[in-house]
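**Q** No sequence on hand, only this structure:
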């Protein structure tokens with residue numbers, strides 16, 4: 001699933017920062033996600049000050065129905081051609097246009 005924000009963070013950059021991690025679904029809105037399940041997420045943002053603005057970025061995700069948000073890794077992407085799939089490419093484009101974009105893995109994280 002691909003979700004995006006309409007708030008512009010920094011339109012003048014080609015660089016997108018990809019914050020990878022996970023979050024727990026916290027809404028009972030009958031969507032394809034189940035309340036309490038954790039999913040892998042990727043937040044793509046043009047905000048080069050993402051470290052200082054992490055609270056704002058997490059609030060963006062919380063407002064979309066997620067909590068217990070943890071980021072594990074950050075990658076800086078300057079070239080859309082380095083991305084390997086259509087979901088990341090469209091999310092990269094949304095982040096460049098809107099300032100940020102959230103990608104959620106449809107399958108919950110499970111422990112075997």
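**A** Done, it's in. Just so it is clear, the model here is predicted, and its values are computed rather than measured.

**Q** so where's the longest helix in the chain?
**A** Assignment by DSSP state H gives helix 86-98 as the longest helix of the chain.

**Q** next SSE after it?
**A** Of the helices and strands lying after helix 86-98 in sequence (DSSP states H and E), the nearest is strand 100-108.

**Q** Summarise which helices and strands that following strand is packed against.
**A** Under the contact definition 3 or more CB pairs under 8 Å, 6 or more residues apart in numbering; DSSP states H and E, strand 100-108 sits against strand 2-4, strand 38-45, helix 54-62, helix 86-98. Heads up, the C-betas are built off the backbone N, CA and C, glycines and all.

**Q** Within the sheet, what are the partner strands of it, with directions?
**A** strand 2-4 (antiparallel), strand 38-45 (antiparallel) (DSSP bridges).

**Q** Give me the contacts around the longest one.
**A** Spelled out, that is strand 38-45. With contact meaning CB atoms under 8 Å, 6 or more residues apart in numbering, strand 38-45 is reached by 9, 16-25, 33, 57, 60-61, 66, 68-69, 71, 77, 88, 91-92, 94-95, 99-109.
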